[in-house]
Each structure stands twice: as structure tokens, then as C-alpha cells.
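fold the following for me, if possible:
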Amino acid sequence: MRDDLDHYIDAVEHLPTAPVVMVKLIALFREPECDVDEVVNLLSVDPALTAEVLRLCNSAHFGADETVVDVFDAVMRLGFYEVYRRALAMFSLKTMSAGTAGDSINVDELWRHSAATAVLSGMIAKQTGDSEGAAYTAGLLHDIGKLVLASAEGPKYGALLRQSGGFGRGLEAVEKAEFGFAHGAVGARLLARWGVPLDISTPVSLHHDQGWPEPFARMSAIVCLGNIAAHRLDQGAGEQPQDLPDATPAVQALQIPIDQLADLVQRAEEEVAKLEGLFPVATAK
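From the prediction side, this is the model:
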């Protein structure tokens with residue numbers, strides 16, 4: 001049943017288009033026994049992605065004695081999860097860099113924050129025994145609703161972001177007051193239209209909440225905590241996790257010791273730096 005949110009999204013002139021290969025890759029990753037040939041065939045559909053996977057595999061970080069020139073060999077060397085993470089990072093970067101949202105928001109900063117949230121969410125999920133892949137994916141896509149609002153509202157949304165500080169429950173309240181919808185709900189609805197499953201789109205919708213309904217409560221708490229910690233990285237990681245009162249509900253829900261969270265934040269900073277080196281935003285278009 002269509003509602004006001006659907007009509008709002010329908011009216012956006014430059015709506016982010018569904019990255020078809022990305023959506024199929026998400027579905028493929030969720031299969032219990034994934035066929036490597038299927039992965040290779042899917043990656044090979046997109047020449048830019050194929051080139052990126054090979055570049056990644058032959059980079060200084062992953063490189064071996066012999067240059068890899070075949071996608072199958074690259075997937076076997078890197079592992080599907082590593083290829084999956086890098087492919088999603090590339091797709092999200094392209095999606096954010098396309099269209100007119102960049103006229104109203106800093107796409108560079110948005111992607112870097114999304115990458116940090118993805119890395120932290122994946123690390124937290126691994127620590128808690130939850131799905132690392134689902135957490136990484138939801139973290140990477142959690143702010144996609146900001147692209148829709150920026151495309152729909154133009155400079156007005158950019159001004160709102162600056163006035164509110166650009167994050168937190170305060171931003172959600174201002175968005176709802178101004179537009180009737182917050183970016184979490186907008187992003188989740190867009191992802192649902194793309195065919196992204198609920199265990200990913202629901203945490204996107206709830207990443208600023210402090211109480212989460214089942215059956216996606218744990219994943220929503222993970223992405224919420226990943227988002228909070230990522231914002232601290234954005235600000236230079238000046239505060240320690242124990243000094244973040246907005247993180248308390250998620251920390252308690254997941255039962256993560258504070259000292260472990262501090263270690264994750266430190267390790268995430270190094271991983272995000274690697275991603276930035278692999279995918280310079282200036283060359284995304």
C-alpha cells in the first residue's frame with residue numbers, strides 16, 4: 001500500500017538509481033553456499049567493477065609475486081567477503097557521486113562517514129557473533145536517505161544539516177518537522193524499492209533510535225552503535241566510547257565491554273584509511 005513517503009520519493013526528480021549488480025551481489029552473499037562461478041559471472045557484468053577488483057587484488061596491500069588478470073583468481077585470492085565489501089564500497093561511492101545531491105551536501109564527507117559506519121558495524125557484529133556482512137551492508141547504506149532529501153530539497157537541506165550539526169537524534173527531529181520524514185525512513189523505503197532485504201533496510205530506518213523492535217533489534221543496535229562511533233572518528237576520535245551517553249542503549253543491548261569498543265574504534269580508523277586510499281572520492285564520477 002502506497003503512502004505519503006512513497007509519493008514524496010516519487011516526486012524527487014533526480015532519485016538515486018538502483019545499482020542492479022550491487023543488489024544482486026547482496027542477494028548472492030546471503031546464500032548459505034555461494035557458488036564462486038556465480039560471483040565471478042556477476043562481477044564480470046560490470047567492466048568497471050571487474051577492473052576495480054583486479055586493481056585491488058594487485059595493490060600493494062594484497063599483491064603477490066604474480067599479477068592477477070582473471071576475476072576468478074582474484075576472488076579466490078581475496079575471498080568473497082573481501083571482494084563483497086570492496087565492491088559495495090565502490091557502488092555506494094558511485095551512487096552518492098551521481099545526481100544533484102552534491103550541490104547540497106558534501107558527498108566526500110558522506111561517503112567517508114558511511115564507510116566508517118560500515119567498517120565499525122561489521123567489526124561490532126563480528127565481536128557479538130552477528131552477521132558481519134549484513135552489518136557492513138546496512139552501515140554502508142544507512143545514510144542513503146540523505147541523498148534523497150538533498151536531491152528533493154536542494155540548498156534547504158544543506159542548510160538544515162549545517163544548523164543541526166549533521167547527525168544524531170536532533171537531526172531526525174528537525175527533518176521530520178521540516179519535511180515530514182527523517183532520512184532513515186526515506187533511505188529504508190528506497191532500499192526496499194531496490195529489493196534490499198529487511199534485515200538490512202530496517203536497521204537503516206532505525207539507526208538513530210534507542211529502542212529497537214524484533215526481529216531486527218540486534219542488527220539495528222549494531223548499526224546505531226557503528227554510526228555513533230563513526231561520527232566520533234569523523235570528529236577526530238576525541239572522545240572515548242565511555243564518554244558517549246548516546247551509545248549506552250546500544251552498548252547495553254549488545255553487552256559489549258567498553259574497553260572492547262574502544263579497541264574496535266582504533267582498529268576501524270586504520271581500515272577506513274585503507275578504503276579511502278582505494279577509492280578516492282575525487283575520481284568517483
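
contacts and neighbour counts: CA atoms only from here.
Will do.

how far off centre is stretch 137-153?
9 Å (CA atoms, centre = their mean, to the nearest Å).

how about residue 181, secondary structure?
Here residue 181 is recorded as coil under DSSP: H, G, I helix; E, B strand; the rest coil.

err, residue 211, not the other one
coil.

the spatially closest residue to residue 87 that is not a sequence neighbour: neighbour count?
The shortest distance from residue 87 to any non-neighbouring residue, by CA to CA, 6 or more residues apart in numbering, is to residue 49 (6.9 Å). Neighbours of residue 49 under the rule other CA atoms under 10 Å: 19.

and for residue 141?
Neighbours around residue 141, by other CA under 10 Å: 26.

quick one: residues contacting it.
92, 114, 187, 204 (CA atoms under 8 Å, 6 or more residues apart in numbering).

look up phi and psi at the third one.
Geometry field for residue 187 lists phi and psi as phi -60, psi -40, criterion degrees, to the nearest 10.

what pLDDT does it get?
Here the pLDDT value assigned to residue 187 is 96.

count the neighbours of the nearest residue to it once chain neighbours are set aside for me.
In space, and not counting its chain neighbours, residue 187 is closest to residue 145: 3.6 Å by CA to CA, 6+ apart. Neighbourhood size, residue 145 [other CA under 10 Å]: 25.

and residue 145, what element?
helix 144-153 (DSSP states H and E).

mind listing what's buried along that helix?
The neighbour-count check on helix 144-153 (16 or more other CA atoms under 10 Å) flags 144, 145, 146, 147, 148, 149, 150, 151, 152 as buried.

would you put the C-alpha positions of that helix in CSV?
Below are the C-alpha coordinates for helix 144-153, written out as CSV (Å, rounded to 0.1, in the frame of the first residue of the first chain):
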residue,chain,number,x,y,z
ILE,A,144,21.4,7.0,1.7
GLY,A,145,18.2,8.8,2.6
LYS,A,146,20.2,12.0,2.9
LEU,A,147,20.9,11.8,-0.8
VAL,A,148,17.1,11.7,-1.5
LEU,A,149,16.4,14.6,0.8
ALA,A,150,19.3,16.6,-0.6
SER,A,151,18.1,15.9,-4.2
ALA,A,152,14.5,16.8,-3.2
GLU,A,153,15.1,19.9,-1.0
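
low pLDDT regions in the stretch 101-250 of the chain?
Scanning the stretch 101-250 of the chain for pLDDT under 70 picks out the ranges 102, 166-169, 235-245.
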